[in-house]
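**Q** give me a 3D structure for the following:
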Amino acid sequence: MSPELPTAPDLHVIDWFNTPRPLSLQDLRGRVVMIEAFQMLCPGCVSHGLPQAQRVAESFSRDDLVVLGLHSVFEHHAAQGTPAALKAFLHEYRIAFPVGIDAPSRDGGLPKTMAAYRMQGTPNQILIDRQGRLRKQKFGPEQDLLLGAEIMSLLREEASPFQPIEEERRAAAACDGDGCPVPASS
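**A** Sure thing, here's the model as predicted:
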């Protein structure tokens, strides 16, 4: 028998783009959810994470899979911390799936959703099954074929869960072509 799978933490979002109303994971139960956490100034997000999320959103039925973006700013706040900057970014990169702005923490630490998921940086990819359980969390880029297989496996599932895929951990000193890790002091 498999261990109990954790329920995905709630999203703490202060504003939404590309959706007529605010979204919650509770409202999306019954569908698989993919969340792509990103920052506008993260090279790995712009070159890998967001283009992949766009391909996923275009490849699967919205009735079965919901792709969400989560703008989780933990650095360069002045350059990318405004809703107007994000709105322009989404327009320029033609990102059409819903994107939420992660709520900042009160103490200046990691944004609230980023902290709740214990994300190591951006890009960060999360898969949540139809029952709202956290099934995958990965920091850094993922291969399209592997991601497609994981999504299809979740879409085909009914009630019997498979073992959760462990979060892949990666340490790095600064932003590179694959992502921007949270500094050790955050």
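
**Q** quick one: the strands in this protein?
**A** 13-17, 32-38, 65-71, 99-102, 121-122, 124-128, 134-139, 180-181 (DSSP state E).

**Q** out of those strands, deepest packed?
**A** For these, average neighbour numbers computed from mean count of other Cβ atoms under 10 Å are highest in strand 121-122, which has a mean of 29. C-beta here means a position set from N, CA and C on the backbone, and glycine is covered the same way.

**Q** how far out from the middle of the chain is it?
**A** Relative to the centre of its chain, strand 121-122 is centred 10 Å away, using Cα atoms, centre = their mean, to the nearest Å.

**Q** and for stretch 104-121?
**A** In terms of Cα atoms, centre = their mean, the centre of stretch 104-121 is set 13 Å apart from its chain centre.

**Q** CA atoms of it as PDB?
**A** Written as PDB, here are the backbone C-alpha positions of stretch 104-121 (Å, rounded to 0.1, in the frame of the first residue of the first chain):
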ATOM      1  CA  PRO A 104       5.000  38.700  -0.900                       C
ATOM      2  CA  SER A 105       5.900  37.700   2.600                       C
ATOM      3  CA  ARG A 106       5.500  40.200   5.400                       C
ATOM      4  CA  ASP A 107       9.100  39.900   6.500                       C
ATOM      5  CA  GLY A 108      10.700  40.300   3.100                       C
ATOM      6  CA  GLY A 109      11.500  36.600   2.700                       C
ATOM      7  CA  LEU A 110      10.300  34.200   0.000                       C
ATOM      8  CA  PRO A 111       6.800  34.900  -1.500                       C
ATOM      9  CA  LYS A 112       4.100  33.000   0.400                       C
ATOM     10  CA  THR A 113       3.300  30.200  -2.200                       C
ATOM     11  CA  MET A 114       7.000  29.700  -2.900                       C
ATOM     12  CA  ALA A 115       7.600  29.300   0.800                       C
ATOM     13  CA  ALA A 116       4.600  27.000   1.300                       C
ATOM     14  CA  TYR A 117       6.000  24.700  -1.400                       C
ATOM     15  CA  ARG A 118       9.600  25.100  -0.200                       C
ATOM     16  CA  MET A 119      10.700  25.900  -3.700                       C
ATOM     17  CA  GLN A 120      14.400  26.200  -4.200                       C
ATOM     18  CA  GLY A 121      14.200  28.700  -7.000                       C
END
